[in-house]
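compute the structure for the input listed below.
(2 chains)
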Amino acid sequence: MFTLGVDIGSTTAKAVILKDGKDIVSSSIVVATVGTDGVSRAMENALRESGVRREEIRFTVATGYGRKTFAGADLQLSELTCHAVGVHREFGDVRTVIDIGGQDAKVLSLNEEGRMANFVMNDKCAAGTGRFLDVMANILHLDISQLEVEAARAVHPANISSTCTVFAESEVISQLASGVRIPDLVAGICQSVAARVASLVKRVGVREQVCMSGGVARNAGVRNAMEKELGVRIVYSEHAQLMGALGAALYAYDKVQNDNL
Amino acid sequence: MGEEVKKKRPAPDPNSAKYKLGQIAAKAYSDCMEAKARGEMVGWCASNFPVEIPETLGLSVCYPENQAAAIAARGGGERMCSESEGDGYSNDLCAYARVSLAYMKLKDAPEQNMPMPDFVLCCNNICNCMIKWYENIARELDIPMIMIDIPFNPDYEVSDAETEYIRAQFWGAIHQLEKITGKKWSDERYKEVMEISGRSSRAWLAATSCAKYLPSPFNGFDLLNHMAVMVTARGKKEAAEAMETLLKEYEDNHEKGDSTYHGEEKYRIMFEGIACWPWLRVTSTGLKSRGINMVTTIYADAFGFIYDDFDGMCRAYARVPNAMNLELSRDKRIKLCKDNHVEGLLVHTNRSCKLWSGFMAEMSRQIGRACDIPVVSFDGDQADPRNFSEAQYDTRVQGLMEIMEANKGGRSDGNR
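Here you go, the predicted structure:
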């Protein structure tokens, strides 16, 4: 039996096709904002790659900010629950999930059964999110994937004191103008995101094991800074960016099983 | 092409509490307008200034906080806030203050007009920003300001020393008002007003406590509308009668298994903080569409005052939510959660109210732990629509619902 999870985020659309609630038969990530054809492209890519036909999909769960606009879903769930389900499948002992997405940061507290018991999200501003990193990479003329490498080359990480993206942008520009090295700036930027999100984590309470999910989890610069901030080891999956879609597909499978659909 | 046939709303029942309360809330403004037109002096009054004082003296007062909420709920918040910001008032100031200061300057807001004041009555038990806000009004309009200082109480009870301090100020305010307006204080009239205010309060608090029933006989958002009467007219006989009608309706609803919450009440939550007036419909729909009834809020109960004498009044006004310490605030809310079978707490992080939002994170953490319920917060503002994101609110509310569902041992059906 095939189930589909689609995660329509603010900057990317993700799709995961799951077989019998176990095997990921295909997945796709399309960079596109909510409201565009990103989600259908992600879904089509996943179907094409797997060779599964649309009508073979038994149940589809949509999640993410664009979940309500996707007509092809049997069920809509918040990305909070989906990340909890996805992470629990990958790491059964995880009790704290840090999900940094394109536009928001969430910290989930999981109970022993892997269900979300509580959560905290960033306030209205996009500081401490993927958007913050995008803006900073843009100022430095770097691709987002280069941040990790640059951060590793830092000697004296810069201090980026502003948590507001707009203020931090001016701060980075003025530090650039005064001759601060790019690697040091990048390390400072990663540190700034980590500090901001760490304060959210502390509100929920740090309970090990801690896992990072979402697109930013792939960035070792932020991950390492986060480990330092929290004083704990952080696990992450190669599917980190797909975790919401994976959780949605898993939820879809459970729904079919439990409700005899 | 056929013409669209619009369904006519049934005429409101003039004997219903909703109708009566709506009339009283509207009359509070028209009475003030008429008093001003007759040449009488009118005042602007802080919501937690003891209404019993102007009521006993026979003075007409209106409430800038209530007016700002009405303007914001009817879509004028951003226009008024921008007006004040253009005059140099910071965007970080309370939006009620910004709306009010804009109104003082413009003297007109189609959403809700009220007469310009001849004096202002300020009381800082609800917040300290109010002092500067009212000082500005008094200075700009060159009118007297009567100020009552009620200190933040670090203890669980109101001490005799604090009561004495407040009593002296209340009498000072009475004498000042007598001098300014020429009206005379009457102990006999005060006793009547105190009794009416107590009657209104008892009925109101009994009505809000009907949330103890399962399901609740009312939609909690009703309270946010009805409380306007408790703010503006709790010392008036009509208010007491309307509140008693409201209580009877809620009790009757319970008897008949009826409710003003239409639909199945699947989850019950407490709402923390002032309502997000510019987004009232959105915040309400986000809950209702998921079967969530906001059954209780400390904000509504804050305007019920029960006491037996002048000193009792002093103590009552020293125990309003923003004048009390974290432990007492927490315990009052825990009681509301437990009495009303609350399954989740939704916290409005109100950008206008630094005091309230400041200790909210720790307080709600303690409430969540004591009641074993999930706590979720969202960003918003009581009158400035710019500090709210509908998509972010929606995700948080859905997350809250999914936890409550999981706590019941079920699987979410999502939001379809």
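
dump the residue contacts of the closest residue to chain B within the stretch 101-250 of chain A.
Across the stretch 101-250 of chain A, the shortest distance to chain B (C-beta to the nearest C-beta) belongs to residue A:124, at 4.2 Å. All C-beta spots, glycine's among them, are computed from the backbone N, C-alpha and C. Applying C-beta atoms under 8 Å, 6 or more residues apart in numbering or on different chains, we find residue A:124 in contact with B:379, B:387-389, B:392.

tell me the one of those residues nearest residue A:3?
Set against residue A:3, the nearest of the contacts of residue A:124 by C-beta to C-beta is residue B:392 (28.0 Å).

any chance you could list what contacts stretch B:70-83?
Contact with stretch B:70-83 is made by B:68, B:91, B:95, B:98-99, B:102-103, B:105-106, B:109-112, B:228, B:277-278, B:280, B:382-386, as judged by C-beta under 8 Å, 6+ apart.

show me which of these are buried.
B:68, B:95, B:98-99, B:102-103, B:109, B:111-112, B:228, B:277-278, B:280, B:382-385 (16 or more other C-beta atoms under 10 Å in any protein chain shown).

pLDDT on the lengthiest helix in chain A, on average?
Identified as the longest helix of chain A according to DSSP state H is helix A:182-204. Across helix A:182-204, pLDDT averages out at 91.

make sure the residue of the stretch 101-250 of chain A closest to chain B is indeed in a strand.
No - counting by DSSP: H, G, I helix; E, B strand; the rest coil, residue A:124 is not part of a strand but coil.

now it: how far from residue A:165?
Residue A:124 sits 12 Å away from residue A:165, going by C-beta to C-beta, to the nearest Å.

again with residue A:232
Residue A:232 is 27 Å from residue A:165, where distance means C-beta to C-beta.

and residue B:238, by the same measure?
Noted for residue B:238: a distance of 53 Å to residue A:165, by C-beta to C-beta.

just the contacts of stretch B:70-83: which are in helices?
Those of those mapping onto helices are B:68, B:95, B:98-99, B:102-103, B:105-106, B:228, B:280, per DSSP H.

what's the closest of those to chain A?
Ranked by distance to chain A (C-beta to the nearest C-beta), the ones in helices among the contacts of stretch B:70-83 are led by residue B:95 at 14.8 Å.

so that closest one touches residue B:381, yeah?
Yes - at 5.5 Å, residue B:95 counts as touching residue B:381 under the criterion of C-beta atoms under 8 Å.

list residues touching both of these two?
B:351-352.

near chain A, which residues of the stretch 251-400 of chain B show up?
Residues of the stretch 251-400 of chain B lying close to chain A (C-beta under 8 Å from any C-beta of the partner chain) are B:349, B:361, B:365, B:368, B:374-377, B:379, B:387-389, B:391-392, B:395-396, B:398-399.

quick check: residues of chain A near chain B?
A:61, A:65, A:68, A:75-81, A:104, A:115-121, A:123-124, A:203, A:254-255, A:258-259.

buried subset of those?
A:61, A:65, A:68, A:75-81, A:104, A:115-121, A:123-124, A:203, A:255.

how close does the residue of the stretch 101-250 of chain A closest to chain B get to residue B:194?
For residue A:124, the distance to residue B:194 - C-beta to C-beta - is 44 Å.

which parts of chain B are strands?
Assigned by DSSP state E, chain B shows strands spanning B:42-45, B:60-62, B:119-123, B:145-148, B:267-272, B:292-296, B:344-350, B:375-380.
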